[in-house]
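Student: A structural model of the following input is requested.
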Amino acid sequence: MRAVREEAQHLWTEIDTKCEVRTKAHVGEAVCGPLGPAQRFDVIGHFLNERFLMHSQVPEVLPEVLQALVG
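Tutor: Numbers count the residues shown, from 1 in each chain. This next block holds a predicted model:
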């Protein structure tokens with residue numbers, strides 16, 4: 001996650017130096033794909049929206065995510 005965040009931050013900084021990238025890991029139902037008239041790729045879901053609204057300065061891995069990864 002850290003490598004993805006750093007690469008995304010580097011790319012966004014080229015566009016806008018005030019942009020800050022944050023990474024979070026989620027487990028829950030979501031829908032993804034091309035949506036809307038412009039058919040832009042998006043990801044939507046209740047749990048995803050809740051996590052997005054929670055602010056964090058460091059990458060987060062919730063216990064549910066860790067459990068899904070470790071088994």
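Student: Regarding this protein, what is its longest helix?
Tutor: As assigned by DSSP state H, the longest helix anywhere in the chain is helix 2-15.
Student: residues in contact with that one?
Tutor: Cys19, Glu20, Val21, Arg22, Thr23, Pro59 (C-beta atoms under 8 Å, 6 or more residues apart in numbering). Placement of C-beta: from N, CA and C, glycine included.
Student: tell me the contacts of Phe47?
Tutor: Applying C-beta under 8 Å, 6+ apart, the residues near Phe47 are His26, Val27, Gly28, Glu29, Ala30.
Student: ok, 7 Å please
Tutor: Residues near Phe47 by C-beta atoms under 7 Å, 6 or more residues apart in numbering: His26, Gly28, Glu29.
Student: Around the second one, count how many other residues there are.
Tutor: Spelled out, that is Gly28. By other C-beta atoms under 10 Å, 13 other residues sit near Gly28.
Student: And the strands in the chain?
Tutor: For the chain, the strands defined by DSSP state E cover 31-35, 40-44.
Student: Throw those strands into CSV and include distance to Ile15 and mean neighbour count, thanks.
Tutor: Output for the strands of the chain, formatted as CSV (distance: least, C-beta to C-beta, whole Å; neighbours: other C-beta atoms under 10 Å):
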stretch, distance to Ile15, mean neighbour count
strand 31-35, 23, 11
strand 40-44, 17, 10
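Student: Out of those strands, which is closest to Arg51?
Tutor: Arg51 lies closest to strand 40-44 among those, at 11.3 Å (C-beta to C-beta).
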